[in-house]
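[1] Need the 3D shape of this:
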Amino acid sequence: MGAPEMSMGSSFHWHWPQLRLGLENRLRRIPAILAAGIYFFASALWILLSDGILLFFSHDNATGLAVGQTYKGLLFIALTTALVYVLLRRTQTVTARASATVVASYRRESDLLDALPDPVVTLDANARVAGANRALAEASGYALDEIVGRSMQDFVIPTDGERTFEAFSTVMRGEEIGIEVTVLRKDGSTIPYEFRGMPLRDFRGDIIGAVASGRDISGRMAAQAALRRNLHGLKSTLRQTISAIAMMVEKRDQYLSGHQTRVTALALAIADKIGLEEFRREGLEHAGICHDIGKIQVPAEILSKPSKLTAAEFSMVREHVNAGYEILSKVEFPWPLAEIVRQHHERLDGSGYPQGLVGDRILLEARILGVADTVEAMTSHRPYRPGLGIEVALAEIKHGSGTLYDPVVVDACVAVFETGCFHYAAPAAEPRGRQRNLGPASTASEHPQPRGEAARRDRRSARRPKHSLVSSE
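    This is a model prediction of the structure:
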């Protein structure tokens with residue numbers, strides 16, 4: 001710093017330039033111009049009066065005039081000396097009082113800083129430690145004399161050095177900052193700290209350094225780590241619980257075994273392709289795993305029926321989305337799982353079910369799930385038809401792009417297959433012993449459509465276009 005360090009019996013160190021600035025500030029308040037003006041007029045008056053008196057009493061006596069001038073000069077010197085003495089004594093008194101005030105204030109502030117449980121440090125304009133309290137010495141393991149004058153980067157781990165200097169530069173521009181760093185102790189151990197820094201200004205308001213206070217956040221970080229572990233455990237438990245419930249549906253019909261898992265895998269690949277944010281992606285994953293949970297209320301003989309469904313049976317199957325909604329709405333999830341499950345058979349043009357929603361009224365997660373569900377249903381074996389293959393499935397969603405399916409989702413789905421980002425495992429072999437009815441009336445639907453007037457009424461209510469090849473119930 002270029003000036004001797006000043007210690008006043010306290011552990012908080014400071015430097016003489018800061019103390020001197022305070023004294024100079026007080027001395028500037030003395031009315032020097034006024035004092036000089038009074039002295040000038042008093043001296044001029046003295047000279048004029050004394051010369052007049054000497055001329056009056058000397059009666060043109062040269063010797064007497066010379067002697068008088070000599071005595072007058074001596075008297076002037078004596079008076080001037082006395083005046084200088086008085087002024088110096090006054091200046092010394094003012095300076096001593098100002099110094100005592102500054103020292104007392106310094107000691108109070110020093111004691112106050114030492115009483116703080118959190119480390120406090122001041123830095124000069126070169127990012128070197130100008131002052132520190134006892135808490136900082138205890139936190140770093142260094143003595144105060146070892147701290148003052150060293151670079152602040154000496155007390156953090158090397159990987160935090162650049163960030164720390166950038167934060168200091170920000171403070172020197174007049175801003176306040178907060179930063180988390182890892183303090184490197186003298187013995188080589190480390191402690192995570194959070195520091196708050198602000199500019200340090202002189203009496204003119206100019207920034208001359210920075211002051212920062214820190215707080216040990218090792219306890220907070222340990223609590224956050226434990227919270228993350230607990231959250232991970234809860235998420236894992238939630239995923240396993242949902243998977244276990246969904247598995248109950250799949251166990252009722254081996255044709256549906258793995259269906260929800262495969263739909264979820266494709267839905268997540270599509271979500272990654274369109275850049276779905278992580279939180280919504282996680283909700284989509286949970287919704288995909290249990291999107292057919294409502295089929296638990298559908299009789300197993302209907303789910304595995306190898307022939308055409310009647311109108312009543314088809315209506316019962318379609319109710320699985322409402323049943324799933326009712327089951328999932330009883331649980332408070334951070335995502336709208338119940339609504340996603342209810343909407344995964346909605347279509348852009350309003351021809352879906354159960355609500356006939358149109359366009360953006362359908363949740364994006366439900367639109368993704370609807371495309372993934374359709375593709376998986378068409379590529380997998382069903383009691384009433386074999387798997388149709390991925391080419392047929394992709395052709396179906398392309399044909400319905402913009403009318404039935406979200407075009408962005410369709411493009412992403414096609415891309416994940418065409419670019420080789422996603423591959424379905426080979427479809428499971430058809431269960432043995434099943435009698436499949438694959439007569440002329442069979443379609444690519446998840447379930448064969450009912451016939452007759454009931455079928456026509458159902459199609460009118462669903463408003464499904466004739467080009468649709470699949471109904472992925």
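
[2] Which of the helices or strands spans Gly149?
    In the assignment (DSSP states H and E), Gly149 maps to no helix and no strand.

[3] can I assume it is in contact with Ala127?
    No - the pair Gly149 / Ala127 is not scored as a contact, 11.6 Å apart, by C-beta atoms under 8 Å. Glycine gets a C-beta too; all of them are placed from N, C-alpha and C.

[4] Which one of the two is surrounded by more residues?
    Between Gly149 and Ala127, counted using other C-beta atoms under 10 Å, the more crowded position is Ala127 (17 against 14).

[5] ok, the more buried one - contacts?
    Ser151, Met152, Gln153, Phe165, Phe168 (C-beta atoms under 8 Å, 6 or more residues apart in numbering).

[6] Quick check on those residues: which are buried?
    Met152, Gln153, Phe168 (16 or more other C-beta atoms under 10 Å).

[7] ok, so of the residues you listed, who is nearest His345?
    Of all the buried ones among the contacts of Ala127, His345 sits closest to Phe168, with 59.3 Å by C-beta to C-beta.

[8] With adjacent residues omitted, what lies nearest to that closest one?
    With C-beta to C-beta, 6 or more residues apart in numbering as the criterion, Phe168 has its nearest non-adjacent residue at 5.1 Å, and that residue is Ala127.

[9] Wasn't Val121 part of a helix?
    No - applying DSSP: H, G, I helix; E, B strand; the rest coil, one finds Val121 to be strand, outside a helix.

[10] That one pairs with what?
    Note on Val121: beta-bridge partners Ala132, Ala212, judged by DSSP bridges.

[11] thinking it is in contact with Ala137, fair?
    No - counting by C-beta under 8 Å, Val121 stays clear of Ala137, with 10.2 Å between them.

[12] Tell me which of the two has more neighbours.
    More crowded of Val121 and Ala137, by other C-beta under 10 Å: Val121, with 24 against 20.

[13] Kindly confirm my reading that Gly420 is in a helix.
    No - using three-state DSSP, the assignment for Gly420 is coil, not a helix.

[14] Give me the distance between it and Gly209.
    59 Å (C-beta to C-beta, to the nearest Å).

[15] what do you get for Ala36?
    In terms of C-beta to C-beta, Ala36 sits 37 Å off from Gly209.

[16] If you count surrounding residues, which of these two has more?
    Between Ala36 and Gly209, Gly209 has the larger neighbour count (other C-beta under 10 Å), namely 22 against 10.

[17] Name the surrounding residues that touch the host helix or strand of that one.
    If you go by DSSP H and E, Gly209 is part of strand 207-216. For strand 207-216, contacts defined as C-beta under 8 Å, 6+ apart pick out 116, 118-125, 130, 136, 139, 168, 171-172, 174, 183, 191-202.

[18] what do you get for stretch 320-337?
    Residues outside stretch 320-337 that contact it (C-beta under 8 Å, 6+ apart): 279-280, 282-283, 286-287, 290-298, 338-339, 341-345, 353-354, 363, 365, 473.

[19] Quick one: buried ones out of those?
    280, 282-283, 286-287, 290-296, 298, 338-339, 341-345, 353-354, 363, 365, 473.

[20] Among the residues you listed, which ones are in helices?
    Arg280, Glu282, Gly283, His286, Ala287, Ala338, Glu339, Val341, Arg342, Gln343, Glu365 (DSSP state H).

[21] and Tyr193, bridged to which residues?
    As for beta bridges, Tyr193 partners with Val181, Asp216 under DSSP bridges.

[22] so it makes contact with Ala139?
    Yes - in this structure, Tyr193 is within contact of Ala139 by C-beta under 8 Å, at 7.5 Å.
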